[in-house]
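Asks: Next comes the sequence, and after it the predicted model I'd like to discuss.
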Amino acid sequence: MEGVLKQVFAPIVATPGGSETTLGVFSKEEDAWDVLRAFLAKAGETDIVSGNITVWEIDYVGEDGQFILAEFDRNPCPVCEERSFWVEGDNERARCYNLRCGSWIEQNTFDSSRWDCGWPAANWEKRADDYKQAFRRLIEMRAQSTSAGTEHRMPSREAWLNEKDRERRTIQQNKFNSLNEDITE
């Protein structure tokens, strides 16, 4: 028999005017996170500016029967400049949900005095001393890309991976051809 249900988790999103929409109510925290992250990934065409996961205590009497587990705010991405950069909490971590970008910032799990940031579409990662410096490093990545003549709107991850796969196959084919030439000589 399963344990008694003590809490439920509700992912909630809000518009600039404060109008809230509950995306569901779940008995498992992981399910609420999955639903909220899936929504954030597709929120680019909406006017949603914030989101949170609210926890409700079951069978609780009093005013404090709920609390906010995590909050997200929507901002322009420092790399792709789309409004798809979601900052979790007070600068705890952030991620761009634009499929062509995917930039991110988070505190290092092994060294809490260090922050890591990256731009997967360009295969870049950097370290920083704090969240603000990590944010500036993402801007620097965009600037390096732009100054190098590479447009800062990178191809999708799939296109980038396909290109890398094509390069790998070309190298393998060249090796194969050179081995065949050595054998026939």
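Replies: That came through, no problem. Numbers count the residues shown, from 1 in each chain.
Asks: make it CA atoms for all contacts and neighbour counts henceforth
Replies: Will do.
Asks: so what strands line up beside the lengthiest strand in the chain?
Replies: In the chain, taking DSSP state E as the definition, the longest strand is strand 66-75. Strand 66-75 has the following strand partners under DSSP bridges: strand 50-57 (antiparallel), strand 85-88 (antiparallel).
Asks: I'd like the ones you listed as a markdown table, with mean neighbour count and distance to residue 73 appended.
Replies: Formatted as a markdown table, these follow (neighbours: other C-alpha atoms under 10 Å; distance: least, C-alpha to C-alpha, whole Å):
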| stretch | mean neighbour count | distance to residue 73 |
| --- | --- | --- |
| strand 50-57 | 21 | 5 |
| strand 85-88 | 24 | 5 |
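Asks: Could you tell me the least trusted of those?
Replies: Here the lowest mean pLDDT among these goes to strand 85-88, at a mean of 86.
Asks: Wait, a strand at residue 169?
Replies: No - the assignment for residue 169 (DSSP: H, G, I helix; E, B strand; the rest coil) gives helix, which keeps it out of a strand.
Asks: Quick check: it vs residue 163, distance?
Replies: 10 Å (C-alpha to C-alpha, to the nearest Å).
Asks: Let's verify residue 18: helix, strand, or coil?
Replies: coil.
Asks: repeat for residue 118
Replies: When the rule is three-state DSSP, residue 118 gets the label strand.
Asks: what about the helix or strand containing residue 143, average pLDDT?
Replies: Element membership of residue 143 [criterion: DSSP states H and E] is helix 131-147. Taken as a whole, helix 131-147 has an average pLDDT of 87.
Asks: beta partners for the residue nearest the centre of the chain?
Replies: Nearest to the mean C-alpha position of the chain, by C-alpha atoms, centre = their mean, lies residue 95 at 3.1 Å. Beta-bridge pairing of residue 95 under DSSP bridges involves residue 86, residue 104.
Asks: what bits of this protein have low per-residue confidence?
Replies: Applying pLDDT under 70 to the chain flags the ranges 1-3, 90-91, 148-157, 160, 182, 184-185.
Asks: again, only using 80
Replies: Scanning the chain for pLDDT under 80 picks out 1-5, 44-45, 89-92, 121-122, 146-165, 167-168, 171-172, 174-185.
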